[in-house]
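Enquirer: coords below, sequence missing:
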């Protein structure tokens, strides 16, 4: 945290001072201190057990449930106090400034949500009330949306000012984060409903469903990690067989993601496309090494073997369920817009979007890498070849998106790439 900019430090100070000012100016006479204590304990336990999301490096705190319960059980002031207790969470003991910011962030989110709950005529729980939960569902949902919005907005501010994320990355990943936060926040209504009959014991009872929810998130995350490790092993096997393609799968995956983000593809599809790029050439495991590493022109029989690798790749990975749409990308990434590609000779819109995206990234990396049959082209030569083949070989929209992304992000060429003599003609080898 010592590397924070002046603007980031100022932002943290403003957020912390705002939270402290709100709490200091509030009246605590009507607070139920027993309920407050129970919710603080629940909050701290939950906040110390964050759940991983599939967004890289992202976690969602289970404490959203306790915070939202405090909104409807204690009101704005109580919710602010529960949120402020995040300064004592066990998750961030090594970074005091993070604990302070997190406490202020939760306090402001809770206070704002509590005010919205009150404005929507939400009725705080009182002992002896009957049917109370049904009466507060509407105000609770309004408070939940506001809580998550304020929380994520405050977090986005510090991430932007500290340089830990760009606006583009935040917009791309905010949807999944918001869904996770809203899901955990809904458990707050469960806590509040249990409080009607079980009192502070509900803080203990609700831990079971909360921990089960965390376990489910964790299992999904671990499953995807296992899938990714499996796909990486397959890529390694291909690159071991053909040293000239070392790093190719990773670069094609990155290039496909660059295109996908440039054209505004949904985050879940971008994720699937990333995996498709990683394993698009896995079918080459079934091609004899002497063909893959041949330095001269391929015979018709040898080229037929090459043309079979997309179908062989599909056969290898088709049982990996989460790939879904990515399978079509693997199968058809060598189709051409004019129908002269392989393996099925699809044309135009018949070619799946994933395949059109991977095809451009694959061709560009192939051209700018050393191969057994030629040296690497320069980035400029490869870009010009994409433009030349746009509309016949490649989808013009995809080519334009890739070239625009290339200008913004650049391209990591293989370290061993030595620029060879550019050539006209098809980018496919024959």
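Expert: Sure thing, it's come through. These numbers were taken from a predicted model, which means no experiment stands behind them.
Enquirer: helices along the stretch 201-350 of the chain, start to end?
Expert: 202-205, 207-241, 248-262, 267-279, 289-292, 300-307, 309-317, 326-332 (DSSP state H, counting those that start in this stretch).
Enquirer: packing partners for the last one?
Expert: This means helix 326-332. When contacts are defined as 3 or more C-beta pairs under 8 Å, 6 or more residues apart in numbering; DSSP states H and E, helix 326-332 packs onto helix 267-279, helix 309-317, helix 353-367. Heads up, the C-betas are built off the backbone N, CA and C, glycines and all.
Enquirer: so which of the helices of the stretch 201-350 of the chain is the most packed in?
Expert: helix 326-332 (a mean of 24; mean count of other C-beta atoms under 10 Å).
Enquirer: how far does that helix sit from the chain's center?
Expert: Distance of helix 326-332 from the chain centroid (C-alpha atoms, centre = their mean, to the nearest Å) equals 21 Å.
Enquirer: just to revisit the earlier point, okay if I get the helices and strands packed on helix 326-332 as a markdown table plus mean pLDDT?
Expert: As requested, the helices and strands packed on helix 326-332 are arranged in a markdown table below (pLDDT from 0 to 100):
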| stretch | mean pLDDT |
| --- | --- |
| helix 267-279 | 85 |
| helix 309-317 | 86 |
| helix 353-367 | 93 |
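Enquirer: what's the closest of those helices to residue 180?
Expert: With respect to residue 180, and counting by C-beta to C-beta, the nearest of these is helix 267-279 at 12.8 Å.
Enquirer: for residue 27, which of the helices and strands packed on helix 326-332 is the nearest?
Expert: Residue 27 lies closest to helix 267-279 among these, at 43.8 Å (C-beta to C-beta).
Enquirer: angle of the closest one against helix 248-262?
Expert: 160 degrees (axes from the mean of the first three to the mean of the last three C-alpha atoms, to 10 degrees).
Enquirer: packing partners of helix 267-279?
Expert: Under the contact rule (3+ C-beta pairs under 8 Å, 6+ apart), helix 267-279 is packed against helix 167-198, helix 207-241, helix 248-262, helix 309-317, helix 326-332, helix 353-367.
Enquirer: picking that back up, go through the helices of the stretch 201-350 of the chain and find the least confident stretch.
Expert: Looking at the helices of the stretch 201-350 of the chain, the lowest mean pLDDT belongs to helix 202-205 (a mean of 66).
Enquirer: export the helices and strands packed on helix 326-332 as CSV, with columns for distance to residue 414.
Expert: Output for these, formatted as CSV (distance: least, C-beta to C-beta, whole Å):
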stretch, distance to residue 414
helix 267-279, 16
helix 309-317, 21
helix 353-367, 9
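Enquirer: figure out which of those helices is closest to residue 192.
Expert: Closest among the helices and strands packed on helix 326-332, once you apply C-beta to C-beta, is helix 267-279, at 31.8 Å.
Enquirer: what angle sits between the closest one and helix 207-241?
Expert: Here helix 267-279 runs at an angle of 30 degrees relative to helix 207-241 (the same axes, to 10 degrees).
Enquirer: what residues does helix 267-279 touch?
Expert: 54, 172-173, 175-176, 227-228, 231-232, 234-235, 249-250, 252-257, 260-261, 265, 313, 316-317, 322-327, 329-330, 354, 357-358, 361 (C-beta atoms under 8 Å, 6 or more residues apart in numbering).
Enquirer: now do 7 Å
Expert: 54, 172-173, 175-176, 231-232, 234-235, 249, 252-253, 256-257, 260-261, 313, 317, 323-326, 329-330, 354, 357-358, 361 (C-beta atoms under 7 Å, 6 or more residues apart in numbering).
Enquirer: just to revisit the earlier point, what would the helices and strands packed on helix 267-279 look like in JSON lines with distance to residue 48?
Expert: Formatted as JSON lines, the helices and strands packed on helix 267-279 follow (distance: least, C-beta to C-beta, whole Å):
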{"stretch": "helix 167-198", "distance to residue 48": "14"}
{"stretch": "helix 207-241", "distance to residue 48": "11"}
{"stretch": "helix 248-262", "distance to residue 48": "34"}
{"stretch": "helix 309-317", "distance to residue 48": "38"}
{"stretch": "helix 326-332", "distance to residue 48": "36"}
{"stretch": "helix 353-367", "distance to residue 48": "40"}
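Enquirer: out of those, nearest to residue 71?
Expert: Here helix 167-198 is closest among those (C-beta to C-beta), at 7.1 Å.
Enquirer: buried stuff in the closest one?
Expert: Buried residues in helix 167-198, counted by 16 or more other C-beta atoms under 10 Å: 170, 172-174, 176-178, 180-196.
Enquirer: over to stretch 347-365?
Expert: For stretch 347-365, by 16+ other C-beta under 10 Å, it's 351-365.
Enquirer: returning to that earlier point: mind checking which of the helices of the stretch 201-350 of the chain is nearest residue 141?
Expert: Going by C-beta to C-beta, the one of the helices of the stretch 201-350 of the chain nearest residue 141 is helix 207-241, 18.6 Å.
Enquirer: that closest one - contacts with which helices or strands?
Expert: strand 51-52, helix 167-198, helix 267-279 (3 or more C-beta pairs under 7 Å, 6 or more residues apart in numbering; DSSP states H and E).
Enquirer: reformat those as JSON lines; add distance to residue 241.
Expert: As requested, the helices and strands packed on helix 207-241 are exported to JSON lines (distance: least, C-beta to C-beta, whole Å):
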{"stretch": "strand 51-52", "distance to residue 241": "34"}
{"stretch": "helix 167-198", "distance to residue 241": "35"}
{"stretch": "helix 267-279", "distance to residue 241": "14"}
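Enquirer: rank the ones you listed by pLDDT, which is bottom?
Expert: Looking at the helices and strands packed on helix 207-241, the bottom one is strand 51-52 with a mean of 61.
Enquirer: check the secondary structure at residue 31 for me.
Expert: The assignment at residue 31 comes out as coil when based on DSSP: H, G, I helix; E, B strand; the rest coil.
Enquirer: my read: it touches residue 78, true?
Expert: Yes: with contact defined as C-beta atoms under 7 Å, residue 31 counts as touching residue 78 (5.6 Å).
Enquirer: of these two, who's got more company?
Expert: Under the neighbour definition other C-beta atoms under 10 Å, residue 31 and residue 78 were set side by side, and residue 78 has more, 27 against 15.
Enquirer: so what's the more buried one up against?
Expert: 31, 36, 70.
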